[in-house]
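Peer 1: with the input below, show me the fold.
(chains A, B, C and D)
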2 protein chains.
Amino acid sequence: MKPSIKKKLEQAGFAVGDAKDFLALNEEEAAFLEVKLALTEALIRGRKKAGISQADLASLMHSSQSRVAKMEAGDASVSADLLIRALIYLGLNGQDIGKSLVKPFRKAA
Amino acid sequence: MKPSIKKKLEQAGFAVGDAKDFLALNEEEAAFLEVKLALTEALIRGRKKAGISQADLASLMHSSQSRVAKMEAGDASVSADLLIRALIYLGLNGQDIGKSLVKPFRKAA
DNA sequence: TGACATTATGCCATTGCTGACATATAATAA
DNA sequence: TTATTATATGTCAGCAATGGCATAATGTCA
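Peer 2: I've put the predicted structure just below:
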């Protein structure tokens, strides 16, 4: 399975529902993807709440617009480290990040 | 500042109190280290609670004993990704990990 | 004391993540 | 339409993280 294809599927899974182990992933690796997914969702919400562009966040954290786009797209090349750093640069602290994992998402209303 | 020295200082900070920005770290990077520190503490507690050796955890997550030792030592070469994976292989789920960030540590009683 | 188990440290080749760049694809407004 | 801004995608050189190995240090038990 090509990483690019894997990425696409992950994105599709993200758009439809929550992460699943439809790939050659064991339970633990699937759980890890879910954690990253929760961080990604917190990032998207956080940036929009902050009212800044991807380029703005990129310059804040000394990264690039393209990488921020990949973060929000759930690209396989993005680490949890980078997601956590991004959240911190958006003003979240450790507790906030923890909460984003405890309550992964509140689905509309 | 050499990475090795930096590591030592982080360890010292860990042993004494909580992470600080006594290095050439901005506020955000210090906050990131604190998050990693909380994950490290959860890992140490989790493995002891599970009653398994570093080598056991290593084989569980297809890593090595030396790397697990470095995880628990707060070595600078250990990523948050690896810490999170380790916690998952110890049986923690996303919520548990989130909680370990919300309540970083409850100091003795 | 010795034997054994566990943890710590140093090193290194391979892999994976990173920022940066170019460029494509929207989206918004005049 | 044409600008302008924002976001998405592909590529890649450089560097950092990884597992694995050897070995040292520490602990434990008899």
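Peer 1: which bits of chain A sit near DNA strand D?
Peer 2: Selection of chain A residues close to DNA strand D by CB under 7 Å from any atom of the strand yields A:4, A:53-55, A:65-66, A:69-70, A:72-73, A:77. C-beta here means a position set from N, CA and C on the backbone, and glycine is covered the same way.
Peer 1: filter the residues you listed down to the buried ones.
Peer 2: With neighbours counted by 16 or more other CB atoms under 10 Å in any protein chain shown, those contain buried members at A:54, A:70, A:72.
Peer 1: tell me the one of those nearest residue B:59?
Peer 2: Using CB to CB, residue A:70 is the member of those that lies nearest residue B:59, at 32.8 Å.
Peer 1: how close does that closest one sit to residue A:44?
Peer 2: Applying CB to CB, to the nearest Å, the value for residue A:70 to residue A:44 is 13 Å.
Peer 1: likewise for residue A:63?
Peer 2: 16 Å.
Peer 1: cool, residue A:88 as well?
Peer 2: From residue A:88 to residue A:44 the distance is 16 Å (CB to CB).
Peer 1: so between the two, which is more surrounded?
Peer 2: The residue with more neighbours, out of residue A:88 and residue A:44, is residue A:88; 22 against 13, by other CB atoms under 10 Å in any protein chain shown.
Peer 1: so that one is in which element?
Peer 2: Assigned by DSSP states H and E, residue A:88 belongs to helix A:80-89.
Peer 1: and the next helix or strand past that helix?
Peer 2: Counting by DSSP H and E, the next helix or strand C-terminal to helix A:80-89 is helix A:94-102.
Peer 1: cool, thanks, signing off.
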